[in-house]
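Asker: Just to be clear, the model below is a prediction. Sequence and coordinates:
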Amino acid sequence: MSAEQFSRLSLGEAMVTTRAGAAKAARASPRSPRDSNQDQPLPSIESTSPISPTPSLVISTKNLHYNVSAFDTDLRRTAKRGLEGNDIRMKYCAISDEEDSPDGSPTKYFYIGDDITVAIGGKLKRPKCTCGANDKGIACKHIYWVADQIISTVSDDVVKTPLHLSPDGSMIEDVKPADILDNKGLAMIANDLRWVYRDDDLPESNEEMKDDVISKLSVFEPQEALPGEFRSPESPLTSERSKKYQEFADLFIQYAIRDPSLYLQVHKILDPDFESRVFFEKIDNRITLTFNGLDEYIANGPTTTSPGPLRFDVPSCAKKLTALVKAIDDFYQHHTDVEDVAVRAAAALITILDRVTDRNVNAYAGITWGMEAPSDPVKNNLYVALIGTCVDGEPFVLDALESLPQEDVSRNHWGTLQDIQRKLAASDTPAPYMDTFQSLLYESRKRPASETRGGEPKRAMQ
């Protein structure tokens, strides 16, 4: 290259140094015909055409692909709202208690937010929804949402996408969600989807639901309150923690009544066996504290202002033991179908009776704390206060024992019952009480378990 040619390569004022400048120069310079044969800039990958509000391919919240090209615009929109329905929430699901369909398959119900219910299977030819948009047999968004949730629990090798929906929501490809429910079982599907599954009836009234929730929440009560005590009005001795817990329980109950799924979840978490174990742990502790309180009173006299162990005189101790017997009986009557409740109740009741029959003495004989002890046996003898005066009234402990499956009483506690019998015989026990005890002791071994277990309790709730 010559020096002259090289000088022509000089960078002049038209030199482009920025992208903006390049764009400006491109617009300003005329294109020659021969420029049209040169490479053209690639168009942007961003589409300038508007996105269709009703696409033919919809991806659900379960990441399943659905081809809805066969639907009209309105049905496409409905399917899209249902399949992409992040705003739809399942409260709980259940199987109908009504008469089964001809093929033996019951209807399954899905209770959704906003008090909407979707029903599938059973006698229904197609899914039904209470939202009002399903009146003409065309699926609503709730039906499509439930169907998508159900089919998402099927293994991937069975579900091949894109899937095709039927207009009424009864079919996905050649599979019926109702058949999946029957084959796999609603309980298992609910477990896969982490739905609340109702396997028992809800309480018939808000008051009944409230009582049940209170009973369950009492397991965490800071002062170890029993269910009946937790339902009672506030005591002057209630601690600040207990007052706050009562306020929390009241708030929780309000929400549980509005949303049964919350109630059902509490039942699942605080299952009957756990509730029973906690209740009888409290009962066993109360029994010990009550008898220790009587011993403390006998040793040191009435309670002083200084903090210390509980102290109970004989009448107070008798009243507390009577309340414990009633609490045990009430709990059993509400939990007759729970395994081992009868066994635990029998153990607690017999422990109370055994320890009372050990107390047929003047509790205050030989006291040294200066106060004149009462001379009335009802006030100084725990056995007399609870058993020795029983003529026409309810026999202490025995009524509650009679309501239990008798094999749980006799088989597990026969030795203790015989010891109690000997102590009663040696204590000039009133004839009505002794007769009732003898009947309980011997007739219980002849009574079949079926007379009490699995059926109605012998004695109705008061």
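Answerer: Arrived safely. Not measured: the values here are computed from a predicted model.

Asker: Buried ones in whatever helix or strand residue 228 lives in, by neighbour count?
Answerer: According to DSSP states H and E, residue 228 maps onto helix 227-231. Within helix 227-231, the residues scored as buried using 16 or more other C-beta atoms under 10 Å are 227, 229-230. Heads up, the C-betas are built off the backbone N, CA and C, glycines and all.

Asker: what's the closest of the residues you listed to residue 374?
Answerer: residue 229 (28.3 Å; C-beta to C-beta).

Asker: quick one: contacts for that closest one?
Answerer: Residue 229 makes contact with residue 218, according to C-beta atoms under 8 Å, 6 or more residues apart in numbering.

Asker: what lines up beside the helix or strand that contains residue 109 in the sheet?
Answerer: Assigned by DSSP H and E, residue 109 belongs to strand 107-112. When sheet partners are counted by DSSP bridges, strand 107-112 sits next to strand 90-95 (antiparallel), strand 116-121 (antiparallel).

Asker: if we can go back for a sec, nearest to residue 203, out of the buried residues of helix 227-231: which one, please.
Answerer: The closest of the buried residues of helix 227-231, once distances to residue 203 are taken by C-beta to C-beta, is residue 227, at 15.1 Å.

Asker: distance of residue 295 from residue 313?
Answerer: Distance, residue 295 to residue 313, using C-beta to C-beta, to the nearest Å: 12 Å.

Asker: Between these two, which is the more surrounded one?
Answerer: residue 313 (20 against 15; other C-beta atoms under 10 Å).

Asker: residue contacts, the more buried one?
Answerer: Applying C-beta under 8 Å, 6+ apart, the residues near residue 313 are 294, 297, 302, 379.

Asker: next helix or strand past the lowest-mean-pLDDT helix or strand in the chain?
Answerer: Lowest on mean pLDDT, DSSP states H and E among the helices and strands of the chain sits helix 19-28, with a mean of 43. Helices and strands here follow DSSP H and E; after helix 19-28, the next one along the chain is strand 57-59.

Asker: Now find how far off-centre that following strand is within its chain.
Answerer: Centroid separation between strand 57-59 and its chain, computed with C-alpha atoms, centre = their mean, to the nearest Å, is 36 Å.

Asker: Repeat that for stretch 218-232.
Answerer: 18 Å.

Asker: For that stretch, measure first residue to last.
Answerer: One end of stretch 218-232 sits 12 Å from the other (C-alpha to C-alpha, to the nearest Å).

Asker: for that stretch, what is the average pLDDT?
Answerer: On average, the pLDDT along stretch 218-232 is 85.

Asker: Please apply the same query to stretch 302-313.
Answerer: Averaging pLDDT residue by residue across stretch 302-313 gives 76.

Asker: Endpoints of it, how far apart?
Answerer: 8 Å.

Asker: got the contact list for the closest residue to residue 370 other than its chain neighbours?
Answerer: Excluding the flanking residues, the one nearest residue 370 by C-beta to C-beta, 6 or more residues apart in numbering is residue 301, at 7.5 Å. Contact analysis of residue 301 by C-beta under 8 Å, 6+ apart lists 311, 367, 369-371.

Asker: Any chance of the buried residues of helix 227-231 in JSON lines with distance to residue 363 as columns?
Answerer: Below are the buried residues of helix 227-231 laid out as JSON lines (distance: C-beta to C-beta, whole Å):
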{"residue": "227", "distance to residue 363": "31"}
{"residue": "229", "distance to residue 363": "26"}
{"residue": "230", "distance to residue 363": "31"}
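
Asker: on that earlier part again, centre of the chain to the strand holding residue 109, how far?
Answerer: For strand 107-112, the distance to the chain centre is 18 Å (C-alpha atoms, centre = their mean).

Asker: what kind of secondary structure is the spatially closest residue to residue 392 that is not a sequence neighbour in?
Answerer: Distances taken as C-beta to C-beta, 6+ apart place residue 432 nearest to residue 392, at 7.4 Å, with adjacent residues excluded. Under DSSP: H, G, I helix; E, B strand; the rest coil, residue 432 falls in the helix class.

Asker: I'd assumed residue 389 was in contact with residue 432.
Answerer: No: in this structure, residue 432 is not within contact of residue 389 by C-beta atoms under 8 Å, at 11.1 Å.

Asker: Spatially nearest residue to residue 324 (excluding sequence neighbours)?
Answerer: residue 286 (5.8 Å).

Asker: what does residue 224 give?
Answerer: Going by C-beta to C-beta, 6+ apart, residue 224 has residue 282 as its nearest residue, at 5.3 Å.

Asker: any idea how far that neighbour lies from residue 256?
Answerer: From residue 282 to residue 256 the distance is 23 Å (C-beta to C-beta).

Asker: what's downstream of the longest helix along the chain, the next helix or strand?
Answerer: The longest helix of the chain (DSSP state H) is helix 272-300. Note on helix 272-300: by DSSP H and E, the next helix or strand toward the C-terminus is helix 314-334.

Asker: Now do that following helix: everything it contacts.
Answerer: 215, 226-228, 276, 279, 283, 286-287, 290-291, 293-294, 297, 312, 341-342, 345, 348-349, 352, 356, 363, 378-382, 385-386, 396-397, 399-400, 403-404, 457, 461.

Asker: mind running it again at 7 Å?
Answerer: 226-228, 279, 283, 286-287, 290, 293-294, 312, 341-342, 345, 348-349, 352, 356, 363, 379-382, 385-386, 397, 400, 403-404, 457, 461 (C-beta atoms under 7 Å, 6 or more residues apart in numbering).

Asker: Any of these buried? List them.
Answerer: Counted by 16+ other C-beta under 10 Å, those give 226-227, 279, 283, 286-287, 290, 293-294, 312, 341-342, 345, 348-349, 352, 356, 363, 379-382, 385-386, 397, 400, 403-404 as buried.

Asker: Now residue 350: closest residue in space that isn't a chain neighbour?
Answerer: residue 413 (4.9 Å).

Asker: Repeat that for residue 216.
Answerer: Per C-beta to C-beta, 6+ apart, closest to residue 216 is residue 270, 4.4 Å.

Asker: gap between the one you found and residue 319?
Answerer: Counting by C-beta to C-beta, the gap from residue 270 to residue 319 is 30 Å.

Asker: higher neighbour count, the two?
Answerer: residue 270 (18 against 14).

Asker: quick one: the more buried one and residue 215 touch, right?
Answerer: No: contact between residue 270 and residue 215 fails when scored by C-beta atoms under 7 Å: they sit 9.3 Å apart.

Asker: Could you tell me how far residue 287 is located from residue 264?
Answerer: 34 Å.

Asker: before we move on, what about residue 431?
Answerer: 51 Å.

Asker: Check residue 144 too.
Answerer: Distance from residue 144 to residue 264, by C-beta to C-beta: 25 Å.
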